[in-house]
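Asks: just a sequence and a predicted model for now, questions to come.
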Amino acid sequence: MFADKPTLKGKHVTLCPAGPEHTDGLIELISDPDVHRLTGSHGHINDDQARQWYATRGEHTERLDLAIMADEEYVGEVVLNELDTDNLSCNLRIALIGARVFGKGYGTEALELVLGHAFTTTPLHRIRLDVFTFNERARHVYKKVGFVEEGVERDALRWDGEWHDSVRMSILRPEWQARS
């Protein structure tokens, strides 16, 4: 379903197929402690693993990995993955490189671009995501672009000895069409 690896241009960001040329940005992203907390990532990958990961993203037709670029600088990634072709649904995840790019609208625009692509060029009906309750900034952005909260997974993340809930959100094709 994601054999086409498009470049999507917005006013402030361009989404392009993630590749080896974005590895330094990915390494910065996955090295940021705030990004680890916001994504609930306990694991770490080394530079060689990051290079290998981005070198192979274009080969996968069951997922779409896009680098978020602003002024030709890597500022994050947005990914459609966990494709369920029987139910025409997938997961979405997005991560920005850190506090220096937060609050500039990059995430909102990237989400709008990828949702527009998904709902106009594929048969997808539903796109879902999970976000931790402490990540109010992300929850606000997801709601702003049309995601609806569906439920809460209690105590889904243990971080620094404390438990945190995760909120499942989704957007359906008809909801996106009504907003467009």
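Replies: Cool, got the structure.

Asks: chain neighbours aside, what residue packs nearest to the residue most central in space within the chain?
Replies: Geometric centre of the chain, nearest residue: Ile94, 2.0 Å, by C-alpha atoms, centre = their mean. The shortest distance from Ile94 to any non-neighbouring residue, by C-beta to C-beta, 6 or more residues apart in numbering, is to Val78 (4.5 Å). Every C-beta, even on glycine, is put in place using the N, C-alpha and C of the backbone.

Asks: wasn't the one you found part of a helix?
Replies: No: Val78 is assigned strand when assessed by DSSP: H, G, I helix; E, B strand; the rest coil, not a helix.

Asks: number of nearby residues for it?
Replies: Residues lying near Val78 (other C-beta atoms under 10 Å) number 25.

Asks: pretty sure it is in contact with Leu15, am I right?
Replies: Yes: with contact defined as C-beta atoms under 8 Å, Val78 counts as touching Leu15 (6.4 Å).

Asks: and for these two, which residues touch both?
Replies: By C-beta atoms under 8 Å, 6 or more residues apart in numbering, Val78 and Leu15 have these common neighbours: Leu66, Ile68, Ala110, Val114.

Asks: could you dump those to a markdown table with secondary structure, neighbour count and distance to Leu124?
Replies: Putting the shared contacts of Val78 and Leu15 into a markdown table (DSSP: H, G, I helix; E, B strand; the rest coil; neighbours: other C-beta atoms under 10 Å; distance: C-beta to C-beta, whole Å) gives the following:
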| residue | secondary structure | neighbour count | distance to Leu124 |
| --- | --- | --- | --- |
| Leu66 | strand | 27 | 15 |
| Ile68 | strand | 33 | 20 |
| Ala110 | helix | 29 | 17 |
| Val114 | helix | 23 | 11 |
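
Asks: which one of the residues you listed is nearest to Pro33?
Replies: Among the shared contacts of Val78 and Leu15, Ile68 lies closest to Pro33 (C-beta to C-beta), at 20.1 Å.

Asks: CA atoms only for stretch 114-132 - export them in CSV, please.
Replies: The C-alpha trace of stretch 114-132 is given here as CSV (Å, rounded to 0.1, in the frame of the first residue of the first chain):
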residue,chain,number,x,y,z
VAL,A,114,0.6,12.8,5.8
LEU,A,115,-3.2,12.5,6.6
GLY,A,116,-4.0,14.2,3.3
HIS,A,117,-1.7,11.8,1.5
ALA,A,118,-3.1,8.8,3.2
PHE,A,119,-6.7,9.6,2.8
THR,A,120,-6.5,10.7,-0.9
THR,A,121,-4.0,8.2,-2.3
THR,A,122,-4.7,5.0,-0.4
PRO,A,123,-7.9,3.2,0.6
LEU,A,124,-7.1,3.6,4.3
HIS,A,125,-10.2,4.2,6.5
ARG,A,126,-8.7,4.6,10.0
ILE,A,127,-5.4,5.9,11.3
ARG,A,128,-4.7,5.5,15.0
LEU,A,129,-2.0,6.6,17.5
ASP,A,130,-1.2,6.4,21.2
VAL,A,131,-0.1,9.3,23.3
PHE,A,132,0.8,9.5,27.0
